[in-house]
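**Student:** model this:
(2 chains)
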Amino acid sequence: MYDIERVRADFPILATEVYPGVPLVYLDSAASSQKPAVVIEAMADYYRRYHANVHRGVHRLSEMATTAYEGARVRVAEFIHAAAPEEIIFVGNATEGFNLVAQSWGRANVGPGDEILLTEMEHHANLVPWQMLAAERGATLRYLPFNDDGTLALERLGDFLTERTKLFSFTAVSNVFGTINPVRELVDAAHAAGALAMVDAAQSVPHMPVDVRALDCDFLAFSSHKMCGPTGIGVLYGKRQLLEAMPPFLGGGDMIRRVTFDGFIPNELPWKFEAGTPRIAEAIGLGAAVAYLSALGMDAIHAHEQAITAYALESLSELPGLRLLGPPGTQHGGLAAFTLEGAHPHDIAEILDKDGIAIRAGHHCAMPLHHKLGVNASARASFYVHTTTDEIDKLVAGLHRVRELFRLERD
Amino acid sequence: MDAGIYREQIIDLYEHPLNYGQLEPADFSYEEDNPLCGDVIRIDVRLDAEQRVAEILWSGDGCAISQAAASLLTEEIKGQTLAELKAFPAERLLELVGVPLSMARVKCALLSLKVLKAGAYGIPDPDTMRGHE
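**Tutor:** So this is what the prediction gives:
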């Protein structure tokens, strides 16, 4: 039994008031999730008791910090079922993971005439790094279209994966539509065409069980701050043999084995890709977040979110003038993006904010997607481990208030 | 019910904008968007012999604040000289809008003024600039 009240008590911020007498209704976890006390305390504990640099000191604190930092890597590896901790590279965020692959693997493997396949529903993080690479290397980007209901046009995949395709990089869950894409099927299609497959897991790893070996993906990236962890750290997973063959990304300390005035020999995995003093506190925080989510159970979290999402989609669809973006039913992750006729998303978000309700308004870092839909912006409510049906009711009541203020409630 | 920044005047202007449309030809035109929220505003201006604003129309799409501000700005700017227009203070437009705005929403309110000044100073359209890369 999923004890929602106990989960809510784990998050100190949920007991706060946004304005005097107005409690927080946080429906913006897809942008960034809130933090349970265990994560905040794990990071504070490191700073209070054993902060030191890692991998270099022989003193006690450095050893403790190194153990905690590398322990976090082991936890993350187990969490996504990587074959070994060496396949877990700590980066700044999912965005940096894409940039790392584009700059390191991409520059070494992508040339003029080669193609990189993306989809039309990608976040800018999985668009711009490839646009930069394609411009530099004379490669071509192609985009698998989405259908009107926000699902991918899977039947057209054969037209887009060719012998020129070097990489297919796609999102596991759309951050706008909420579409849960058939990752394994897409990975297999890429491999059958002789291409590598990279997965944007920023909206999947926080919300559902993810097994990189079962998916057989070559690279996968996600951000800590969307999964109860701190900002400033993310994860790039890569298959060991690929990571080993790739040149370093950023140069500096920690990523080298030996340096002379003439050159350097890079360090082993995973440190080859972690230049400079790493994100120690952040890794420790992420490790605590992973332990927290594991204790709740990713299956239980997913089931909770599916129930909340179904409730939200049904409640929202009863509002006049409201257009839901994305597919109905179970292929829908824990979010609901929508437009409301007669009220701009920015105005919706501002009015809801007065009721303490936090939602996202804008293009959610997916401008090409919104352009294709013919809308400048949308509003998005997103759900997480602590979201209640009562909060969805408040959202719907808030939207009725928007309609009243904008004189749309005339019937 | 506390309407907050959504007072009658703002909603009225959102429903019934003033000076809405486009001028072809115009002495200067400019269009820009606010990438944060996707609001787009275009302003077309015709000047008279004394370099005063004879006609001004705006068009675009966006939130109630940016749209109401565009109506208020174009109404205020009529008859002003090009020099006055270039010096039009942001504070004056916020005063005209007349509701307390958060930092993020100040940008919405000032988008039309940014567009107007960019046009007045003859700044090339950013999309056109991209085309020359």
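
**Student:** what helix or strand is B:Q9 on?
**Tutor:** helix B:8-15 (DSSP states H and E).

**Student:** how about the contacts made by the closest residue to chain B within chain A?
**Tutor:** Here chain A gets closest to chain B at one residue, A:N376, 3.2 Å apart by CB to the nearest CB. C-beta: built from backbone N, CA, C; applies to glycine. Going by CB atoms under 8 Å, 6 or more residues apart in numbering or on different chains, A:N376 touches A:363, A:370, B:33, B:37-40, B:61-62.

**Student:** so which residues on chain B come close to chain A?
**Tutor:** B:1-6, B:11, B:14-15, B:33, B:35-40, B:61-65, B:102, B:105, B:108 (CB under 8 Å from any CB of the partner chain).

**Student:** which regions of chain B sit below the pLDDT cut-off?
**Tutor:** The model of chain B has pLDDT under 70 over residues B:1-3, B:123-133.

**Student:** burial of B:L57, as a residue count?
**Tutor:** By other CB atoms under 10 Å in any protein chain shown, 19 other residues sit near B:L57.

**Student:** what's the nearest residue to it if we skip its chain neighbours?
**Tutor:** Leaving aside its chain neighbours, B:L57 sits nearest to B:G21 (4.3 Å; criterion: CB to CB, 6 or more residues apart in numbering or on different chains).

**Student:** thinking that neighbour is in contact with B:E55, fair?
**Tutor:** No - checked against CB atoms under 8 Å, the pair B:G21 and B:E55 is beyond contact range at 9.8 Å.

**Student:** of those two, which one has the most company?
**Tutor:** Higher neighbour count among B:G21 and B:E55: B:E55, with 16 against 10, using other CB under 10 Å.

**Student:** next, count neighbours for A:A397.
**Tutor:** Per other CB under 10 Å, the neighbour tally for A:A397 reads 12.

**Student:** work out for me the element A:R407 sits within.
**Tutor:** Using DSSP H and E, no element contains A:R407; it sits outside every helix and strand.

**Student:** helix/strand/coil for A:A52?
**Tutor:** coil (DSSP: H, G, I helix; E, B strand; the rest coil).

**Student:** quick check: it touching A:A68?
**Tutor:** No - using CB under 8 Å, A:A52 makes no contact with A:A68, being 10.4 Å away.

**Student:** more neighbours, the two?
**Tutor:** Higher neighbour count among A:A52 and A:A68: A:A68, with 20 against 16, using other CB under 10 Å.

**Student:** ok, and the closest non-adjacent residue to that one?
**Tutor:** Nearest to A:A68 is A:I284, by CB to CB, 6+ apart, at 5.1 Å.

**Student:** so what's that neighbour up against?
**Tutor:** Here A:I284 is in contact with A:42-43, A:46, A:68-69, A:72 (CB under 8 Å, 6+ apart).

**Student:** and what of A:G285?
**Tutor:** A:35, A:39-40, A:42-43, A:224, A:229-230, A:233.

**Student:** and with 7 Å instead?
**Tutor:** A:39, A:42-43, A:229-230 (CB atoms under 7 Å, 6 or more residues apart in numbering or on different chains).

**Student:** from those residues, which ones fall inside helices?
**Tutor:** A:39, A:42-43 (DSSP state H).

**Student:** any chance of those residues in CSV, plus neighbour count?
**Tutor:** As requested, the ones in helices among the contacts of A:G285 are arranged in CSV below (neighbours: other CB atoms under 10 Å in any protein chain shown):
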residue, neighbour count
A:V39, 26
A:A42, 23
A:M43, 20
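
**Student:** those residues also near chain B: which ones?
**Tutor:** Filtering those for proximity to chain B by CB under 7 Å from any CB of the partner chain leaves nothing.

**Student:** dump these into TSV; add pLDDT and distance to B:G119 as well.
**Tutor:** Output for the ones in helices among the contacts of A:G285, formatted as TSV (pLDDT from 0 to 100; distance: CB to CB, whole Å):
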residue	pLDDT	distance to B:G119
A:V39	98	49
A:A42	98	54
A:M43	98	49
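
**Student:** list just the nearest of those residues to A:T119.
**Tutor:** Comparing the ones in helices among the contacts of A:G285 against A:T119 with CB to CB places A:V39 closest, at 32.0 Å.

**Student:** isn't that closest one up against A:A288?
**Tutor:** Yes - using CB atoms under 7 Å, A:V39 is in contact with A:A288, at 4.7 Å.

**Student:** can I get the ones in helices among the contacts of A:G285 in CSV including distance to A:E341?
**Tutor:** Output for these, formatted as CSV (distance: CB to CB, whole Å):
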residue, distance to A:E341
A:V39, 40
A:A42, 46
A:M43, 44
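
**Student:** quickly find the element holding A:Q241.
**Tutor:** helix A:240-245.

**Student:** the helix or strand following that helix pairs with which strands, and in what direction?
**Tutor:** Using DSSP H and E, the helix or strand that follows helix A:240-245 towards the C-terminus is strand A:256-260. Partner strands for strand A:256-260, per DSSP bridges, with pairing direction: strand A:263-266 (antiparallel).

**Student:** model confidence over the strand it pairs with, on average?
**Tutor:** Computed over strand A:263-266, the mean pLDDT rounds to 93.

**Student:** and if you look at stretch A:221-228?
**Tutor:** The pLDDT scores in stretch A:221-228 average 98.

**Student:** which elements pack onto the helix or strand hosting A:F98?
**Tutor:** Assigned by DSSP H and E, A:F98 belongs to helix A:94-100. With contacts taken as 3 or more CB pairs under 7 Å, 6 or more residues apart in numbering or on different chains; DSSP states H and E, helix A:94-100 sits against strand A:219-223, strand A:234-238.

**Student:** strands paired with the first one, and their directions?
**Tutor:** Sheet pairing for strand A:219-223, assigned by DSSP bridges, gives strand A:196-200 (parallel), strand A:234-238 (antiparallel).

**Student:** quick one: contacts of it?
**Tutor:** A:93-94, A:97-98, A:101, A:198-202, A:205, A:212, A:234-238.

**Student:** what's the spacing between whichever helix or strand B:E31 is part of and its chain's center?
**Tutor:** Element membership for B:E31 (DSSP H and E) is strand B:28-34. The chain centre lies 9 Å from the centre of strand B:28-34; the measure is CA atoms, centre = their mean, to the nearest Å.

**Student:** and that strand, C-alpha only, in CSV?
**Tutor:** Below are the C-alpha coordinates for strand B:28-34, written out as CSV (Å, rounded to 0.1, in the frame of the first residue of the first chain):
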residue,chain,number,x,y,z
PHE,B,28,9.6,51.1,-39.8
SER,B,29,8.4,47.7,-38.6
TYR,B,30,9.9,45.3,-36.1
GLU,B,31,8.9,41.9,-34.7
GLU,B,32,10.3,40.0,-31.8
ASP,B,33,9.4,37.2,-29.5
ASN,B,34,10.0,36.5,-25.9
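
**Student:** what strands line up against it, and which way round?
**Tutor:** strand B:39-47 (antiparallel).

**Student:** list the buried residues of the helix or strand following the partner strand.
**Tutor:** As assigned by DSSP H and E, the chain's next helix or strand after strand B:39-47 is strand B:53-61. In terms of neighbour count (16 or more other CB atoms under 10 Å in any protein chain shown), strand B:53-61 has its buried residues at B:53, B:55-61.

**Student:** distance to A:L167 added to the residues you listed, as a markdown table?
**Tutor:** Compiled in a markdown table, those are given as follows (distance: CB to CB, whole Å):
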| residue | distance to A:L167 |
| --- | --- |
| B:V53 | 54 |
| B:E55 | 53 |
| B:I56 | 50 |
| B:L57 | 48 |
| B:W58 | 44 |
| B:S59 | 42 |
| B:G60 | 38 |
| B:D61 | 36 |
